[in-house]
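S.K.: Fold the following for me, if possible:
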Amino acid sequence: MNILFVIIIVVAIILAITGGLVQSLNFLLWVGLVLLVLAVIAWLLRSVTGRRAP
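M.R.: Prediction:
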């Protein structure tokens, strides 16, 4: 009975860690997409206005 209890605890901990990792990776993916969109907008504005960085 103790071995079954230990296995259940280990599985629960692994699922909690992977669930947290998936959630944080999902958040980082959205942050990356937002930053990519902002970089594309900034690049388009710079190319439309014709200003060049030194």
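
S.K.: Only C-alpha atoms from now on, for both contacts and neighbour counts.
M.R.: Fine.

S.K.: For whichever strand or helix holds residue 24, enumerate the helices and strands it packs against.
M.R.: Following DSSP states H and E, one finds residue 24 within helix 2-49. If you count contacts as 3 or more C-alpha pairs under 8 Å, 6 or more residues apart in numbering; DSSP states H and E, helix 2-49 packs onto no helix or strand.

S.K.: For that helix, what is the distance to the chain centroid?
M.R.: Counting by C-alpha atoms, centre = their mean, to the nearest Å, helix 2-49 is centred 3 Å from the centre of its parent chain.

S.K.: Give the rounded mean pLDDT of that helix.
M.R.: In this model, helix 2-49 has an average pLDDT of 87.

S.K.: Give me the pLDDT for residue 54.
M.R.: The model reports residue 54 with a pLDDT of 57.

S.K.: ok, and for stretch 27-42, which residues are buried?
M.R.: Buried residues in stretch 27-42, counted by 16 or more other C-alpha atoms under 10 Å: none are found.

S.K.: May I have it exported as CSV, CA atoms only?
M.R.: Output in CSV follows, covering the C-alpha atoms of stretch 27-42 (Å, rounded to 0.1, in the frame of the first residue of the first chain):
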residue,chain,number,x,y,z
PHE,A,27,2.8,32.6,-21.7
LEU,A,28,6.3,33.0,-23.1
LEU,A,29,5.1,32.0,-26.6
TRP,A,30,2.4,34.8,-26.5
VAL,A,31,5.0,37.3,-25.2
GLY,A,32,7.3,36.3,-28.0
LEU,A,33,4.5,36.7,-30.6
VAL,A,34,3.7,40.2,-29.3
LEU,A,35,7.3,41.3,-29.4
LEU,A,36,7.6,39.9,-32.9
VAL,A,37,4.6,41.9,-34.1
LEU,A,38,6.0,45.1,-32.4
ALA,A,39,9.3,44.5,-34.2
VAL,A,40,7.6,44.1,-37.6
ILE,A,41,5.6,47.3,-37.0
ALA,A,42,8.7,49.2,-36.1
